[in-house]
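Student: need a structure here:
(one chain, ligands or ions: 2)
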Amino acid sequence: MRNTAPKDAAEIEALETREWLDSLDYVLQSGGAARVSRLLRELGDHARRQGVRQPFTANTPYINTIPAGEQPPFPGSREIERRIKSLVRWNALAMVVKANKAEDGIGGHISTFASSATLYEVGFNHFFKGKGQDGDGDVIYFQGHAAPGIYARAFLEGRLSAEKLTNFRRELKEGGGLSSYPHPWLMPDFWEFPTVSMGIGPLTAIYQARFMRYLEDRGLKKRSNSKVWAFLGDGETDEPESLGAITLASREKLDNLIFVINCNLQRLDGPVRGNGQIIQELEAVFRGAGWNVIKVLWGSEWDALLEKDTDGLLVKRMGEVVDGEYQKYAVESGDYVRKHFWGKYPQLLELVKHLSDEQLKKLTLGGHDPVKVYSAYKAAVEHAGQPTVILARTIKGYGIGEAGEGKNITHQQKKLNEEELKAFRTRFGIPIGDDEVAKAPFYRPSDNSPEVTYLVERRKQLGGFVPSRNPQAEPLKLDTLPDAFTSFHKGSEGRKASTTMAFVQMLTRLLKDPEIGQMVVPIVPDEARTFGMEALFRQVGIYSHVGQLYEPVDMDVLLYYKEAKEGQILEEGITEAGSISSFIAAGSAYSTHGINTIPFFIYYSMFGMQRVGDFVWAAADTRTKGFLLGGTAGRTTLSGEGLQHQDGHSHLLALAVPNLLSYDPAFAFELAVIIEDGIKRMYKDGESIFYYITVMNEPYEQLPMPEGSRDGILKGMYRFRAAEKGAGGKGQGKAKAKAQLLGSGAILNEVLAAQKILDEKYDVAADVWSVTSYPELYREGNAVERWNRLHPADQPRVPYVTQCLADTEGVIVAASDYVKVLPNGIDRWTRRPVVALGTDGFGRSEGRASLRDFFEVDAKHIVAATLSELARDGKVEASVAKKAISELGINPEKPNPAIS
Ligand SMILES: Cc1ncc(C[n+]2csc(CCOP(=O)(O)OP(=O)(O)O)c2C)c(N)n1
Ligand SMILES: [Mg+2]
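Tutor: Numbers count the residues shown, from 1 in each chain. Ligands and ions are numbered 1, 2, ... in the order given. Next up, the predicted model:
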C-alpha cells in the first residue's frame, strides 16, 4: 500500500496543485466557463496586488484550440474524400516527377503540397465558395509552391487535361502547359493572384478583405458572406510583409479574412525555428495583434490520450519539445519516438504502452486530419468580429517517405526512384500496377466514378470551380469623361502651378464625373497634404468602416478631416506596401468582383518603384488596372530633401515592368491627355495595362497644348516648339547651326530656356521636343526593330523616334531629371548620337537651381552640351564651345556628379 503521508516539498506542492484544480473543476461545473474566466482574472489581479509578477504570455498550451468535445460532426464522406485526396496527391507528385524526368532541373515542388493536401481538400469539398454564388464567392490566395496540388485537383475536376499536366513548367510546348506558380498573366482563366514571392500573398489578402468591406460600405457591392482565404507557409511568416499589417486586419475587424498557415516547421534550408516553436511564436503574435487564433496541432488519435492526461503531463511534454526535435520524430522510428518523446516521463510511457511502435509513429498531426481541419474552418467561417488565423501542424513532404518526408532536403526534392514511387502508390492506394508505376502516369477515374461524381457535385453546391479567374465587368461608358480633362488643354494662362496641383484638380473633377466618379479610388499613404489633396478629405471623405467616432480638431474649418463610412479616399497611413496592396485590390476588382474601380495611388516617388517594386511586379502579373502617381518626382525638383527623397530612377525601374506604361509629363495638358486615354484603354477597351506617371511639385506656368500633339504625347515625344530660324548661315532668318533639344518633365523648362539662349547668344536654331516617355519610345523602337530583323526581305518599318527626327537637322541633346540611360535607350533610332544629360548619382540637400547646376541639367549645361557637340560635329569652332563654357560659368573640372 502506498503511504499517503506527504514526503517532501514537491509532493506537498503537487497535492496543493491538485486541490486547486479540483476546486476549479467544481466552479466550472457549477458556474460554467464564464465564471471560471472571471475567477481567474480576479485571482490574477489579487496576486498582482500582492506583488506577484506574472511573466506575460499570449500563449495557450500546445494543444488544439478546439477541444474534441466541441467538434461539429464531419458532414462529408470521409472515405471518398480520402480517396480523392490520395488521387490529388498522386497526380501532383507525378506531375513534378514526370517534368523532371523529361527535362532535368525543370523544377517544381512536391513537399509543400504533400504537407497541405488536407488543408486544401477540406476547403475544396466544404468551404471555398465559387463565383457562381451571386457575388458571394470567396477570394483565395493559394500558397505558390502548392500549385501542383491545385493543378492535380483541377485535373480530377476535368478542368485541365493530362497533356497540360505533362507540360507542367513547359508553357511553350504545343498545346500549352502550366505555369510553375500562380500567375494570372500566364493563366488568366485560372489564377487570380500571384503569391509565390513570399509575403505578397498575406499582405495583399489583408487589404483585399478590407477592400471588400470598402466596396460594401460604399454600396458598390452587395453585402456578402465572402471570405478571403490566404494560405501561407510558416517559413513565409519571416517576411516582414507577411505579418506587417496584421493589426490592420484586427483593427478593422475583418472577420471576412482567414489565414491558414501550414506549419510544417520547415522552410527551404531546414527548420523554421529548430530551437523554438514557430506555432507558439505565431500564436502569441496573432493573439497579441487581436486575431482569433485556432491551433490545429494533433489529430483525432491523440484525443483519447489527452483525455487520459488528467495531470497535464502530456500537455506539458507537448509544450516543451522544440521544433527541431519534433521534426526528428517525423523521420525516426516509433521506437525512437517512444524513447525520446514519451520516455521523458515514466507516466507518459505508461499512457502509450498499449500502442505498438508502428501505431505510435502513425499518430496523425492535426493538419493531416480532415475532422480537425473541418472544425477549425467551420469555427473560422462562423467567427464574428475578428480575423482568424489557423495554425495547422503538418509534416513537410508527408507521404513521400524515404524520399524526403520531414527531411531537410525535402523542399527541393523533385525526383523519386521506382521504389519510392511504389511505396507512395501503395501508401495512398492508387490503382497503378508495378509495371507502370516507374513512369509515374497520371490517374483519373472515369467521369461517373464515385470520386469524380462526388467532387464535381461538391463544387457545384459551392458555386463552381476554384481557382478560376473570370473578368466579368462590363466596359465603362465614358461619354462625359472629356469634361474632366479638356479645360487643362488651354494651360494656366500665366499663373504658376505644379503638375501635382493639376493632377489633384483633375482627380477632383473625375470624382464628380457622373458616369465614373463613384468608381474612382484615391489612395494615399499619409501624404495627401504634401500633394495638396486635403480639400478631397471634405469633398469625398476618408473611408472608415465605423465612420467618425470623434469630433475632428479642425471641425471648424471648411476642409476638415472627415472620416465616413461611405468615404471614398483610402488614407492608408505610412505604408506604401499596404497602399499598393489596396491598389492591387481596387485595380483588379474588375475581375475579382466584376466592379470597375479605378485606383489612383499617389505617393512620394522615391518610395514607390524601389521600395515596393515587387508589389508593382505582382500588380502587373495580376493584370491590375489603374494609375500610380509618383509625386514630388525628379532628382532636382524637390528642394532640400536630399539623397533619400530625390528620385532620378523610378522610370528606369518602371521600364522593366512590361505592361506598365510610364510617363514623365511636363505640362498639365500632357497629363490630361495621358490619364484620359489611359482610362479609356483600360476600362473601355479592356487592355491589361496600368500607368506610372510622375508629377512634380515645382510651380511654373502650365503652357497650352500645341495643335496636333495628342498622338505624340501618348507615343512618347512630339515637337513642342520649333526654332524660329532655319539653318544655313547668317542673316535672312537663317542660323549658323541647328540642334534638336529633348526635354522631359520639369526639365523641359530648362530646355526651353536653353533654346532661347542658343538662339540669342550663339546663333543656334534649336527645336524643342517634349519627351513624355522614354520607356514607350524604347518599347516601340524595339518592337519595330524586331519586326525588321524577322523580315529581312520586306520594306523595313521605321521606329517612331526615327520618324520624328527624320527631317530634322543638328545635334541631339536630351535632358531629363532621370538617369541618362533612358535617353541613351533611344539613341540607336535617332540616326545620330544623343547627348544625354541626366541625374545619375546621389541626391543632395539643396535648392532646385543648385541641384540642376550640380547634375548638369540646367539651361546653361544644355547650351554648353549643344555647343560642345556642334563643335565635335564641325558645325561651330571648338573655341566657341570652349569660350561658351567659360561664359556660362561652368567649371570643366568640377567633380562628376554621377559618382560624387
Ligand atoms: C521573397 C521570396 N524569397 C525567397 C523565396 C524562395 N523560397 C521559395 S519556397 C521557400 C521556403 C518556403 O517555406 P515555407 O514558407 O515554410 O513553405 P512550405 O513549403 O514549408 O509550406 C523559399 C525560401 C521566395 N519564393 N520568395
Ligand atoms: Mg514550412
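
Student: gap between the residue in the chain positioned nearest to ligand 1 and A392?
Tutor: Closest approach of the chain to ligand 1 (CB to the nearest ligand atom) occurs at G233, with a separation of 2.0 Å. Any C-beta I mention is one placed from the backbone N, CA and C, and that applies to glycine too. Computed with CB to CB, to the nearest Å, the distance linking G233 and A392 is 11 Å.

Student: and for G130?
Tutor: In this structure, G130 lies at 23 Å from A392, with CB to CB as the measure.

Student: pick out whichever of these two has more residues nearby.
Tutor: Between G130 and A392, A392 has the larger neighbour count (other CB atoms under 10 Å), namely 30 against 19.

Student: phi, psi of the more buried one?
Tutor: Backbone dihedrals for A392, given as degrees, to the nearest 10, come out at phi -110, psi 120.

Student: that one contacts Y120, doesn't it?
Tutor: No - under the criterion of CB atoms under 8 Å, A392 is not in contact with Y120, lying 11.0 Å apart.

Student: still on that earlier bit, I'd say the residue of the chain closest to ligand 1 and V196 touch.
Tutor: No - contact between G233 and V196 fails when scored by CB under 8 Å: they sit 10.5 Å apart.

Student: flag the shaky bits of this structure, pLDDT-wise.
Tutor: By pLDDT under 70, the low-scoring segments of the chain are 1-6, 133-135, 727-732.

Student: what about the residue of the chain closest to ligand 1, how many residues nearby?
Tutor: Burial of G233 is recorded as 28 neighbouring residues (other CB under 10 Å).

Student: gap between it and ligand 2?
Tutor: Here G233 is placed at a distance of 4 Å from ligand 2 (CB to the ion, to the nearest Å).

Student: around ligand 1, pick out the residues from this protein.
Tutor: Within the chain, the residues that sit near ligand 1 (CB under 6 Å from any ligand atom) are 112, 115, 145, 196-198, 233-236, 262, 264, 266-268, 272, 396, 411.

Student: for K131, phi and psi?
Tutor: The phi and psi values for K131, taken as degrees, to the nearest 10, are phi -70, psi -10.

Student: same check, this time on I395
Tutor: For I395, the backbone dihedrals (degrees, to the nearest 10) come out as phi -120, psi 130.

Student: list the contacts for it?
Tutor: With contacts defined as CB atoms under 8 Å, 6 or more residues apart in numbering, the neighbours of I395 are S115, N264, A330, L365, H368, E405, G406.

Student: same deal with L355?
Tutor: When contacts are counted by CB under 8 Å, 6+ apart, L355 is found next to L363.

Student: do that again at 10 Å, thanks
Tutor: Contacts were defined as CB atoms under 10 Å, 6 or more residues apart in numbering; by that measure L355 touches E301, L305, G334, R338, W342, K361, K362, L363.

Student: which of these ranks first by neighbour count?
Tutor: W342 (21 neighbours).

Student: any idea how far R251 is from it?
Tutor: Relative to R251, W342 is positioned 44 Å away (criterion: CB to CB).

Student: now the residue of the chain closest to ligand 1: phi and psi?
Tutor: When read as degrees, to the nearest 10, the backbone of G233 gives phi -90, psi 160.

Student: what sits opposite it in the beta ladder?
Tutor: When assigned by DSSP bridges, G233 has beta-bridge partners N262.

Student: in this structure Y454 contacts N125, no?
Tutor: Yes - using CB atoms under 10 Å, Y454 is in contact with N125, at 8.2 Å.

Student: so these two - more neighbours on which side?
Tutor: With neighbours defined as other CB under 10 Å, Y454 and N125 compare such that N125 has more, 24 against 17.

Student: and stretch 267-286, which residues are buried?
Tutor: For stretch 267-286, the neighbour count (16 or more other CB atoms under 10 Å) marks 267, 271-274, 277-286 as buried.

Student: could you list which of those belong to strands?
Tutor: Judged by DSSP state E, the buried residues of stretch 267-286 include no members of strands.

Student: just the ones of the residues you listed in helices?
Tutor: For the buried residues of stretch 267-286, membership in helices holds for I278, I279, Q280, E281, L282, E283, A284, V285, F286, with DSSP state H as the criterion.

Student: now for G233 and A392: what residues contact both?
Tutor: With CB under 10 Å, 6+ apart applied, the overlap between the contact sets of G233 and A392 consists of S115, S116, I261, N262, C263, N264.

Student: contact partners for the first one?
Tutor: This means S115. 143, 146, 149, 233-234, 262-266, 365, 367-368, 392-400, 405-406, 410.

Student: and for the second one?
Tutor: Residues touching S116, when contacts are defined by CB under 10 Å, 6+ apart, comprise 142-143, 145-146, 149, 231, 233, 260, 262, 264, 367-368, 392, 394, 396, 398.

Student: and the gap between I812 and ligand 2?
Tutor: Between I812 and ligand 2 the distance, using CB to the ion, works out to 55 Å.

Student: next up, the contacts around that residue.
Tutor: Taking CB under 10 Å, 6+ apart, we find I812 in contact with 739-742, 769, 805, 823, 826-827, 830-836, 866, 869.
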